[in-house]
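Q: Quick check, what structure comes out for this input:
(2 chains)
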Amino acid sequence: MLDIKFIRENKDLVKEAARKKYIDVDIDELIEVDDKRRELLSRVEKKRAEQNAVSDAISAGVTDRERNTLIDKMRILKEELQVEEEELKHTMSVWREIMLQVPNVPDMSVPEGNSDGDNKEIKVWGEKPTFSFTPKSHIDIMTHLDMADFKRGVKVSGFRGYFLKNDGALLSYAIWNYAQDFFLARGFTPMIVPAIVRRSNLYGTGHLPNEAEDLYKTQDEDFFAGTAEVATMGYYADEVIDGSKLPIKFLSFSPCYRREAGSHGKDTKGLIRVHEFFKIEQVILCEAAHDESVKWHEWLNRNAEEFIESLGIPYHTVINCGGDVGLSQVKKYDIELWVPMEKKYREISSASYFHDFQTRRFNIKYRDQNGKVQYAHSLNCTAIPTPRILVSLVENFQREDGSVVIPKVLRKYMNKDAIGTETPKAAA
RNA sequence: GGUGGGGUGGCUGAGGGGUCGAAGGCGCUGGUCUUGAAAACCAGAGUCCGUUCACGCGGACCGUGGGUUCGAAUCCCACCCCCACCGCCA
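A: You can find the predicted model right below:
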């Protein structure tokens, strides 16, 4: 949610934001509705002032005759007021609807473009593996090593279902444990957060109203969140935080659920795109200053990059173009890992900042050093998602004999150097 | 699932038709005292919207939305949320 005052004062900037993000919203109409809203508000307030004055006169004590005259006056006032209040109410509801569609203003550095194909590569790290043998897909590798069972996954869970087993399960635990050690050393507060959330939280993060299709919901009208960001941001909703506690840095773990409506034909096999997965998410609330947001945004993204570097997986980082930046975001980086069998980089992490767009919706404020209460800034960035990370991990580190080398940093969590060096057990 | 009780400022908590933007306490800001701090004492301070160059003025805000009334934090209705006890289950 942007401040209406900001929108009025920066009309062209906001129009430009909508254009760049390919969002269809009529800012001129919003301003017209807002003009009307202000005019009605002022008329209603004048009437109310009059009403208050007459009411004071009545309670001050007057003769019965005067009293009756005043009460008659009040009756007329009230009727007039009701008409205008009705009009104001209607205007307000139109106003609110448009306001929810107004996008946050993307940063200057966000490139033009309307799809992820227009994202701009800003960094490349690591060396893509060259294989002296015919490499296999993560599906084949993991099935062969009995690390995953996709067939039974679909049987039990349905389309996009999977089981992780043996070293597939252990590798997931290892990554979580390693990620915990890695990120907590950087000052985060660890949390395990709810995946089932009330709808208001999804309005807060900006996932609703426009992304309802991608959300599962319960028969009680609660929703399954697609990311721990949702519950973590809801944590301080309607609160005023002591400013000296900022920045607040959470490392949140949760299962994540996505219907993937609209991507039916994409990535239908394997672990790239699944309905149910796990993610550790970095979330920050900081002081309301652009420089602070930028600083922490870079820091968050760098954390994720360094984590991937420590695993030794080749990646590149892109800055997302206008059309690939969400409604709420100012700027977004994606880290994408090399997937040898696809000969493509695939997203593993996404770092965004929002200024006060989310915190306005959540009503998260803080009291600064001068005692002034204001909206905090919010940011988030993936720490690590499982099982998607396994795709790049096993494909990049596979060997000719079908085994997979375990990255050095994970070995102590796995108690071995490789998976499948002995003859793998045949899949049961 | 059943039955009660409740949602009031940064926090806690009184108030149950007009004198209530709302007592008291905590916390906060300034001052007195003190070498400094603490304590004590004194004083101050809510948020949002509109309007104004500004001092200011006006309005709204006691969970949300309706209603009753000349007038609602206070009475009525609906909804949302919280708590307690019982039942059921881990």
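Q: Could you list the domains of chain A?
A: A:4-99, A:116-419 (automatic domain parsing).
Q: looking at these, which is closest to A:Asp107?
A: Ranking those by proximity to A:Asp107 (CB to CB) places domain A:116-419 first, at 4.2 Å. Using the backbone N, CA and C atoms, a C-beta is placed for each residue, glycine as well.
Q: what residue ranges in chain A score low on pLDDT?
A: Where chain A drops to pLDDT under 70, the residues are A:61-62, A:422-428.
Q: What parts of it come near RNA strand B?
A: By CB under 7 Å from any atom of the strand, the residues of chain A that approach RNA strand B are A:3-5, A:38, A:41-42, A:44-46, A:48-49, A:51-55, A:58-59, A:71, A:74-75, A:78, A:82, A:89, A:198, A:239-240, A:367, A:371-373.
Q: Let's see which of those end up in helices.
A: Among these, DSSP state H puts A:4-5, A:38, A:41-42, A:44-46, A:48-49, A:51-55, A:58-59, A:71, A:74-75, A:78, A:82, A:89 in helices.
Q: Would you mind checking those residues for buried ones?
A: For these, a burial check counting by 16 or more other CB atoms under 10 Å picks out A:4, A:44, A:51, A:54, A:74.
Q: that older thread, most tightly packed of the domains of chain A?
A: Scoring the domains of chain A by mean neighbour count under mean count of other CB atoms under 10 Å gives domain A:116-419 as the most buried, with a mean of 19.
Q: Start and end of it, how far apart?
A: This stretch, domain A:116-419, spans 34 Å end to end (CA to CA, to the nearest Å).
Q: One more: stretch A:120-139?
A: Termini of stretch A:120-139 sit 30 Å apart (CA to CA).
Q: can you check stretch A:408-419 too?
A: Terminal residues of stretch A:408-419 are spaced 13 Å apart (CA to CA).
Q: which residues touch the residue in the stretch 101-250 of chain A that RNA strand B sits nearest to?
A: Going by CB to the nearest atom of the strand, RNA strand B is nearest to A:Val240 of the stretch 101-250 of chain A, at 4.1 Å. Counting by CB atoms under 8 Å, 6 or more residues apart in numbering, A:Val240 touches A:365-367, A:373.
Q: can you tell me the helix or strand for the residue nearest to it when sequence neighbours are not counted?
A: Distances taken as CB to CB, 6 or more residues apart in numbering place A:Lys365 nearest to A:Val240, at 4.8 Å, with adjacent residues excluded. Using DSSP states H and E, A:Lys365 sits in strand A:364-367.
Q: Tell me the helices and strands packed up against that strand.
A: strand A:239-242, strand A:373-375 (3 or more CB pairs under 8 Å, 6 or more residues apart in numbering; DSSP states H and E).
Q: How far does the shortest one sit from its chain's centre?
A: This means strand A:373-375. In this view, strand A:373-375 has its centroid 21 Å away from the chain centroid, taken as CA atoms, centre = their mean, to the nearest Å.
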